[in-house]
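Participant: next one to model:
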Amino acid sequence: MNKKLSHIDKSGNASMVDVSNKEISTRVALASGRVLFPAEVFSTLQEQEFLSKKGSITQTAIIAGIQAVKRTADLIPLCHQLPLSKINIEIVPIANGLQISCEVKCNERTGVEMEALTGVSVAALTIYDMCKALSHDIKISDIQLDKKTGGKSDFSR
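Facilitator: Numbers count the residues shown, from 1 in each chain. Below you'll find the model as predicted:
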């Protein structure tokens, strides 16, 4: 394997990647994750149509995820600030849980994988925060990059 870490310089120090010589292209990333609940908690949430005293659990999580995507460069030190052209977060019920997906798109010199992963992560944390009064036995799992296009290489899980 000839690959090397891109954020470490020759001296072993953290370094932001220089993307100034890269071609601008359309970059898209799709990430996903899950929030899993005890069966009785999920049943209660479904009965209440995912509404809490704090408001809509799913809509609040979507807004939080969108805000997080836009702040990724502030949260992850070596990420570039990017002018984003699309953020789409969807949250759908699954067996005893919620499936979160986040798609991010831009026309730039570097990809948006970290933005998509950050959107899923913060949406999941928001769901946990809004539901923890019902149980602390809530699991956030399977946060992963599902697909990326644009740039040097594409990826699809």
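Participant: for the longest helix along the chain, packing partners?
Facilitator: When every helix of the chain is counted residue by residue (DSSP state H), the longest turns out to be helix 113-131. Helix 113-131 makes packing contacts with strand 25-36, helix 57-70, helix 72-75, strand 84-94, strand 97-108, strand 139-149 when contacts are defined by 3 or more C-beta pairs under 8 Å, 6 or more residues apart in numbering; DSSP states H and E. For the C-beta atoms, the positions are set from N, CA and C on the backbone; glycine is no exception.
Participant: quick check: angle from the second one to strand 25-36?
Facilitator: Spelled out, that is helix 57-70. Going by axes from the mean of the first three to the mean of the last three C-alpha atoms, to 10 degrees, helix 57-70 is angled at 140 degrees with respect to strand 25-36.
Participant: residues in contact with helix 57-70?
Facilitator: Applying C-beta atoms under 8 Å, 6 or more residues apart in numbering, the external contacts of helix 57-70 come out as 45, 50-51, 54, 75, 84, 87, 89-91, 98, 100, 102, 104, 115-116, 118-127, 130-131.
Participant: next one: the fourth one
Facilitator: Applying C-beta under 8 Å, 6+ apart, the set of residues contacting strand 84-94 from outside is 34, 46, 50, 58, 61-62, 65-66, 69-70, 98-107, 112, 115, 119-120, 123, 127.
Participant: now the buried members of the residues you listed.
Facilitator: Members of those that pass the buried threshold by neighbour count (16 or more other C-beta atoms under 10 Å) are listed as 34, 50, 58, 61-62, 65-66, 69-70, 98-106, 112, 115, 119-120, 123, 127.
Participant: show me where pLDDT drops low in the chain?
Facilitator: Along the chain, segments meeting pLDDT under 70 span 1-2.
Participant: buried deepest among the helices and strands packed on helix 113-131, which one?
Facilitator: For the helices and strands packed on helix 113-131, the largest average neighbour count (mean count of other C-beta atoms under 10 Å) is found in strand 97-108, namely a mean of 22.
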